[in-house]
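Requesting a structural model of the entry that follows:
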Amino acid sequence: MRPFFSSAFARLLAFLLLALPAGAEPIVQEKLDMERSGFEKDTVLRDITFRDAARLDAYQRMRAEAFKQAREKGSPPDVSQLNAIDRRQKLSFEDFDLAGNWQCRTIKIGGLAPLVVYDWFRCRVSDDGAGWMLEKLTGSQKTRGRFFTDGASRLIYLGSFFVNGEEPPAYGAGRESDQVAYVFRDREDGWRMEFPAPERESLLDILEFRRGR
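Coordinates of the predicted model:
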């Protein structure tokens with residue numbers, strides 16, 4: 001039987017989980033407990049990989065370090081935009097419909113460059129009967145995936161990265177394409193996704209959404 005973790009990955013998990021708040025239940029541990037019990041709940045725990053569970057467990061630490069680098073070395077106009085996003089109050093998703101067409105832009109924070117704010121592209125959220133599905137429609141780098149409820153004011157996104165012209169792989173295909181994010185509604189008609197420890201370039205990616213203008 002294939003083990004859950006390699007020894008190197010187990011060490012990485014231990015390092016990342018040091019950032020958990022006292023008393024918090026690691027998502028990695030919840031998933032492991034579920035799988036060991038032999039009972040798979042019909043929740044995000046069933047689908048999320050252990051690697052992505054570890055990334056969510058490390059979210060607060062990765063975010064703090066990314067914002068620190070951005071605020072210290074980013075350009076003042078870009079830092080001003082980032083601070084404005086960060087100040088927004090988190091609102092409930094109850095009675096909020098994500099479905100429809102959106103403008104979306106990526107903000108890369110920390111890592112190879114302290115802060116990069118990209119232009120707006122087009123995204124669409126649809127409801128396939130099982131829940132909300134996201135697809136980034138334009139731009140060279142795309143994402144496609146599904147949302148899961150994680151409380152009234154937060155969702156979890158499991159998706160796949162692909163480039164323009166490629167067929168999007170299924171979530172779980174591997175570290176090169178798997179993506180995970182926390183999702184927050186931060187305006188009456190706007191929301192954002194925060195991807196901790198993305199595979200490429202940065203410490204944190206934000207994908208920000210607004211209705212078409």
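
all helices of the protein, in order?
7-16, 27-37, 44-47, 50-57, 59-73, 76-87 (DSSP state H).

What is the third one packed up against?
Translated: helix 44-47. Other helices and strands packing on helix 44-47, by 3 or more Cβ pairs under 8 Å, 6 or more residues apart in numbering; DSSP states H and E, are helix 27-37, strand 155-163. Quick note: C-beta positions are derived from backbone N, CA and C, even for glycine.

that older thread, is it possible to get TSV of the helices of the chain that adds mean neighbour count, distance to Glu201 and mean pLDDT?
Formatted as TSV, the helices of the chain follow (neighbours: other Cβ atoms under 10 Å; distance: least, Cβ to Cβ, whole Å; pLDDT from 0 to 100):
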stretch	mean neighbour count	distance to Glu201	mean pLDDT
helix 7-16	13	19	45
helix 27-37	16	24	87
helix 44-47	17	26	90
helix 50-57	22	15	95
helix 59-73	18	11	96
helix 76-87	13	15	97
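
thinking again about what came up before, quick check: which of the helices and strands packed on helix 44-47 is nearest to Glu188?
strand 155-163 (17.0 Å; Cβ to Cβ).

Give me the helices and strands touching the closest one, please.
In terms of contacts (3+ Cβ pairs under 8 Å, 6+ apart), strand 155-163 is packed against helix 44-47, strand 141-149, strand 178-187.

What lies in contact with that strand?
With contacts defined as Cβ atoms under 8 Å, 6 or more residues apart in numbering, strand 155-163 is touched by 44, 47-48, 52, 56, 93, 134, 140-150, 168-171, 173, 176-183, 193, 199-200.

Tell me the buried residues within these.
44, 47-48, 52, 56, 93, 134, 142-148, 150, 168, 171, 177-183, 193 (16 or more other Cβ atoms under 10 Å).

sorry, back to before: could the helices and strands packed on strand 155-163 be laid out in JSON lines, adding distance to Asn83?
As requested, the helices and strands packed on strand 155-163 are exported to JSON lines (distance: least, Cβ to Cβ, whole Å):
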{"stretch": "helix 44-47", "distance to Asn83": "30"}
{"stretch": "strand 141-149", "distance to Asn83": "25"}
{"stretch": "strand 178-187", "distance to Asn83": "13"}
